[in-house]
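[1] sequence unavailable; structure follows:
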Ligand code: HGY
Ligand code: MN
Ligand code: MN
């Protein structure tokens, strides 16, 4: 079964677009705070540099560009009075990151604009709306500025501002150097009092459509280049502290020890044991630090992180309650104390049926005919669509990620799959414009 292709673009044009995405991913990878790895966090000099690069590429396409009040870089093309279909992803990264997480989605969105718009100065703009085919909406491409939450711990800051869900409680969040979000805003040249101006109203948007590499092995294992995303995992992130007693590593007999590291280690193993027994629940301890951290001192305190995700908020919360009971048991048995502070929470977002349909139609139009429907998978990774779901319909297209490696320098995607993804995304936009799905 195929979807008739609405896109008039020769394969070599699509291939050239994919090569441009791959080359620009390399160019953006060189904009890093670290000499030997990729690191680009919110409100940093690197954030400013990639925004300037993205704005330049947007203007090349005839887009009007601006940096919004939360530091997101935006480009817009089409009827100024029309609502927009928002495309995009994020340009910030984790530490020691890969080249494609977020970045590929922003660049693929720009290639879709290039395929659909009337060439700057070109003719053929019969409708006068900037499109070679009539579209009932404008297109905006957004490069979100902080999807990962690497610097301040709270993820989705840039897209939360766009969704109008920014919380003033976040201003006092601090980075590893003790710099508050408020101060970082001011140093970046943004006015904290005006962050609300980044918020978009529902009537301004017809939807948000994001292409992203899958950050797991499902598509690779299935031999599929593309997939529709059904929903985006709900997430909760915690900072936990286990308190015991720092004592002499030699002179303290075991029956006197209250070793915080051993209690925290049992807790980390309990996260794996409890979450792995559940369906579509994942829990990860990514940061783990013992204090005072001397080789000849029994750790008196351990601070560690927990990233807990699930397909449904209720299941995720039930597992958190089970983990809390388990930690009570472990710490009680070891005469330790524990406490937790929640630093991020985002509900699951279910992709809108209409956008799931247009993404499936785009995949069918982009790939060789198939008898079955394109794969539909649940995203265990978080995405900016989790924020945008508060203000508009959300749809996502996943690209195969060989070996499922992500949040790592070995993260990869093939130019061939990027070409399939660009065509599928463009076809999906056209289908959304005609709603012929
Ligand atoms: O953490 C995540 O799932 C996303 O890559 N930020
Ligand atoms: Mn990521
Ligand atoms: Mn991402």
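    Nice, thanks for sending it over. What you see is a predicted model; the values in this text were computed from it and never measured. Ligands and ions are numbered 1, 2, ... in the order given.
[2] quick check: mean pLDDT across stretch 97-106?
    What stretch 97-106 shows for mean pLDDT is 98.
[3] can you check stretch 358-374 too?
    Averaging pLDDT along stretch 358-374 yields 94.
[4] now do it: distance to the chain's middle.
    Centre-to-centre, stretch 358-374 and its host chain are 24 Å apart (Cα atoms, centre = their mean, to the nearest Å).
[5] how about that stretch: buried residues?
    Buried positions in stretch 358-374, judged by neighbour count with 16 or more other Cβ atoms under 10 Å: 358, 359, 360, 361, 362, 363, 364, 365, 366, 367, 374. No exception for glycine: its C-beta is placed from N, CA and C like everyone else's.
[6] what's the following helix or strand after the helix or strand harbouring the fifth one?
    When elements are defined using DSSP states H and E, residue 362 is found to belong to helix 353-366. Beyond helix 353-366 in the direction of the C-terminus, DSSP H and E gives the next helix or strand as strand 376-379.
[7] just checking, what packs against the helix or strand just after that next one?
    Following strand 376-379 in sequence order, the next helix or strand is helix 385-388 (DSSP H and E). Counting contacts by 3 or more Cβ pairs under 8 Å, 6 or more residues apart in numbering; DSSP states H and E, helix 385-388 is packed against helix 157-163, strand 205-213, strand 349-350, strand 394-399.
[8] would you turn those into TSV with mean neighbour count, mean pLDDT and distance to residue 324?
    Listed next are the helices and strands packed on helix 385-388 as TSV, based on neighbours: other Cβ atoms under 10 Å; pLDDT from 0 to 100; distance: least, Cβ to Cβ, whole Å:
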stretch	mean neighbour count	mean pLDDT	distance to residue 324
helix 157-163	27	98	26
strand 205-213	28	98	32
strand 349-350	19	96	25
strand 394-399	27	98	31
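[9] out of these, nearest to residue 92?
    Closest of the helices and strands packed on helix 385-388 to residue 92 is helix 157-163, at 7.7 Å (criterion: Cβ to Cβ).
[10] what does that closest one contact?
    42, 68-72, 90, 92, 142, 144-147, 149, 166-167, 170, 181, 195-196, 198-200, 384, 386-391 (Cβ atoms under 8 Å, 6 or more residues apart in numbering).
[11] if we use 6 Å, what do you get?
    70, 72, 144-146, 166, 195, 198, 200, 384, 387-388, 390-391 (Cβ atoms under 6 Å, 6 or more residues apart in numbering).
[12] what does the stretch 301-437 of the chain put close to ligand 1?
    When proximity is defined as Cβ under 6 Å from any ligand atom, the stretch 301-437 of the chain approaches ligand 1 at 381, 382.
[13] what does the stretch 151-300 of the chain give?
    Residues of the stretch 151-300 of the chain lying close to ligand 1 (Cβ under 6 Å from any ligand atom) are 155, 215.
[14] all strands of the stretch 151-300 of the chain, in order?
    Assigned by DSSP state E, counting those that start in this stretch, the strands in the stretch 151-300 of the chain fall at 205-213, 226-232, 234-243, 247-248, 281-284, 288-291, 297-298.
[15] hmm, the first one in reach of ligand 3?
    Spelled out, that is strand 205-213. No: using Cβ under 5 Å from the ion, strand 205-213 stays clear of ligand 3, with a minimum separation of 5.8 Å.
[16] quick one, what contacts residue 7?
    426, 427.
[17] helices along this protein, start to end?
    Here the chain has its helices, by DSSP state H, at 11-29, 45-60, 103-116, 157-163, 181-188, 218-222, 260-276, 313-333, 353-366, 385-388, 415-434.
[18] can I get these in JSON lines with distance to residue 294?
    Formatted as JSON lines, those follow (distance: least, Cβ to Cβ, whole Å):
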{"stretch": "helix 11-29", "distance to residue 294": "38"}
{"stretch": "helix 45-60", "distance to residue 294": "35"}
{"stretch": "helix 103-116", "distance to residue 294": "41"}
{"stretch": "helix 157-163", "distance to residue 294": "36"}
{"stretch": "helix 181-188", "distance to residue 294": "33"}
{"stretch": "helix 218-222", "distance to residue 294": "44"}
{"stretch": "helix 260-276", "distance to residue 294": "12"}
{"stretch": "helix 313-333", "distance to residue 294": "23"}
{"stretch": "helix 353-366", "distance to residue 294": "54"}
{"stretch": "helix 385-388", "distance to residue 294": "41"}
{"stretch": "helix 415-434", "distance to residue 294": "49"}
